[in-house]
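> build me a model:
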Amino acid sequence: MTDPTAPSATPAFLNHDRPPVPDLVVPRGVLPFHLDQRPVRGRLVRLGALADAILGRHSQHPAVLRLMGEALALTAALATALKFKGSFSLQAKGDGPVSLLLADCTDAGALRGTAKVDAARLEALLAENPHPTAAALLGSGYFAFTCDQGDDMERYQGIVAIEGESLADMTDNYFRTSEQLQSQVHLACGRSLAGWRATALVIERVATEGGVVAEANQEDQDDAWRTAQALVGTLKSEEMLDDTLTADRLLHRLFHAEGLLVDRPRALSYGCRCSRARLAAVLENFGPEDLDHMAESGAITMTCEFCALDFRFERAEVDGKAGRG
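Residues are numbered from 1 along each chain as shown. Model prediction:
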């Protein structure tokens, strides 16, 4: 079997081979649920070994990888709450050491993520604070969610300023200011002997059916929402990341007395979509001089920012703008 990351005799634009990435699926990666007769719905995301498969390919500091893991779990939780065809992405851009944080999930549950880091600035930050918050890593900037359903459909995007110390705080602020939706988000990411793990629990207050409700019933609905928030607030990161504690058992611990109803689980998978053809198309947009500058020892190496694999192209096989008639 040939290695698609290495130079190939097949013209780059015809070579659609995928790189040798993990064929990994988590069948019960997302567990949706709601509370019977209460205005609460939610999703529990447990990435399991998928977190290690994605994060383990990036040579970033653990503080950055924890932030990436939280972003991956959060993106999966939000994407699977929507009905769409295409991809849903979380993007944070700021003036901190992590200038870009990006995670996206397709409608089929294919998940990927990346981060751009200024190594010198990160080192300086870690010297002052070995355990920086998401706010310290990202700095000032914006926080955006985007649903992209292709060229034939209008793209939806919501953007707010980065506000809050954690990624969960930033998400709650987004829902409160942009969607007028009450929510509570809990995120956890860490590394154990089994590798990286990441989890997200998101609950949302949903509207009661029937429109106008009696004042007494409204008070009951308010109490039910506050109770759900308080129960989620008892959740510890250790529980969220414990492989021996299944998603069903974790939800039962929290909501067994609140009419817990678990919906159909959703699968998540390793979702990098790179290929030689995709990267070759990027190279074809450069002129000959730029391509010559990129080449070393007669070859151009491009690294996929999501799976961190290197693809090598013989300089002679890339025509660039000047080579297209």
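> what's the one helix or strand in the chain whose mean pLDDT sits lowest packed up against?
Least confident element among the helices and strands of the chain, by mean pLDDT, DSSP states H and E: helix 276-283 (a mean of 82). Helix 276-283 is packed against strand 299-303, strand 310-314, with contacts defined by 3 or more CB pairs under 8 Å, 6 or more residues apart in numbering; DSSP states H and E. Every C-beta, even on glycine, is put in place using the N, C-alpha and C of the backbone.
> turn those strands into JSON lines, columns for mean pLDDT.
Shown next, in JSON lines, are the helices and strands packed on helix 276-283 (pLDDT from 0 to 100):
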{"stretch": "strand 299-303", "mean pLDDT": "86"}
{"stretch": "strand 310-314", "mean pLDDT": "84"}
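> helix or strand: which one has residue 191?
strand 183-192 (DSSP states H and E).
> please tell me the pLDDT value assigned to the nearest residue to residue 254 once chain neighbours are set aside.
Spatial nearest neighbour of residue 254, chain neighbours left out: residue 231 (5.0 Å); criterion: CB to CB, 6 or more residues apart in numbering. Looking at residue 231, its pLDDT is 96.
> any buried residues in stretch 295-305, and which?
For stretch 295-305, the neighbour count (16 or more other CB atoms under 10 Å) marks 295, 299, 300, 302, 304, 305 as buried.
> oh sorry, the question was meant for stretch 248-266
Applying 16+ other CB under 10 Å to stretch 248-266 flags 250, 251, 254, 255, 258, 260, 265, 266 as buried.
> any idea how far apart the tips of it sit?
By CA to CA, to the nearest Å, the extent of stretch 248-266 from end to end equals 13 Å.
> identify all contacting residues around that stretch.
With contacts defined as CB atoms under 8 Å, 6 or more residues apart in numbering, stretch 248-266 is touched by 27-38, 40, 44, 80, 109, 224, 227-228, 231-232, 234-235, 239-240, 247.
> can you check stretch 228-240 too?
35, 38, 40, 184, 186, 188, 190, 199, 201, 203, 245, 250, 253-255, 258.
> and what of stretch 154-164?
Contact with stretch 154-164 is made by 92, 94, 134-135, 138-149, 169-170, 172-174, 177-179, as judged by CB under 8 Å, 6+ apart.
> please state the offset of the helix or strand that contains residue 252 from the chain centre?
Assignment of secondary structure by DSSP H and E places residue 252 within helix 247-255. Centroid separation for helix 247-255 versus its chain: 23 Å, with CA atoms, centre = their mean, to the nearest Å.
> got it, and stretch 54-71?
On CA atoms, centre = their mean, the centre of stretch 54-71 falls 11 Å from the chain's centre.
> restricting to C-alpha, output it in PDB.
Output of stretch 54-71 as PDB, limited to C-alpha atoms (Å, rounded to 0.1, in the frame of the first residue of the first chain):
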ATOM      1  CA  ILE A  54      -7.400  14.000  17.900                       C
ATOM      2  CA  LEU A  55      -5.400  15.800  20.600                       C
ATOM      3  CA  GLY A  56      -2.600  13.300  20.600                       C
ATOM      4  CA  ARG A  57      -1.600  14.300  17.000                       C
ATOM      5  CA  HIS A  58      -0.900  17.900  18.100                       C
ATOM      6  CA  SER A  59       2.400  18.900  19.700                       C
ATOM      7  CA  GLN A  60       0.900  21.700  21.800                       C
ATOM      8  CA  HIS A  61       1.300  22.500  25.500                       C
ATOM      9  CA  PRO A  62      -1.200  20.600  27.700                       C
ATOM     10  CA  ALA A  63      -2.900  23.900  28.600                       C
ATOM     11  CA  VAL A  64      -3.700  24.400  24.900                       C
ATOM     12  CA  LEU A  65      -4.700  20.800  24.400                       C
ATOM     13  CA  ARG A  66      -7.200  21.000  27.300                       C
ATOM     14  CA  LEU A  67      -8.700  24.100  25.700                       C
ATOM     15  CA  MET A  68      -9.000  22.200  22.400                       C
ATOM     16  CA  GLY A  69     -10.500  19.200  24.000                       C
ATOM     17  CA  GLU A  70     -13.200  21.400  25.700                       C
ATOM     18  CA  ALA A  71     -13.900  23.000  22.300                       C
END
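> distance of the residue lying closest to residue 100 once chain neighbours are set aside from residue 126?
Closest residue to residue 100 apart from its sequence neighbours, by CB to CB, 6+ apart: residue 116 at 4.1 Å. Residue 116 sits 17 Å away from residue 126, going by CB to CB, to the nearest Å.
> same thing with residue 261?
Counting by CB to CB - residue 261 and residue 126 are separated by 44 Å.
> the nearest residue to residue 170 once chain neighbours are set aside: neighbour count?
Excluding the flanking residues, the one nearest residue 170 by CB to CB, 6+ apart is residue 164, at 4.5 Å. For residue 164, the neighbour count with other CB atoms under 10 Å is 16.
> doesn't residue 164 lie inside a strand?
No - in this structure, residue 164 is coil, not part of a strand, as judged by DSSP: H, G, I helix; E, B strand; the rest coil.
> can you read off the pLDDT for it?
As predicted, residue 164 sits at a pLDDT of 94.
> list phi and psi for it.
Note on residue 164: its backbone torsions stand at phi 120, psi 160 [degrees, to the nearest 10].
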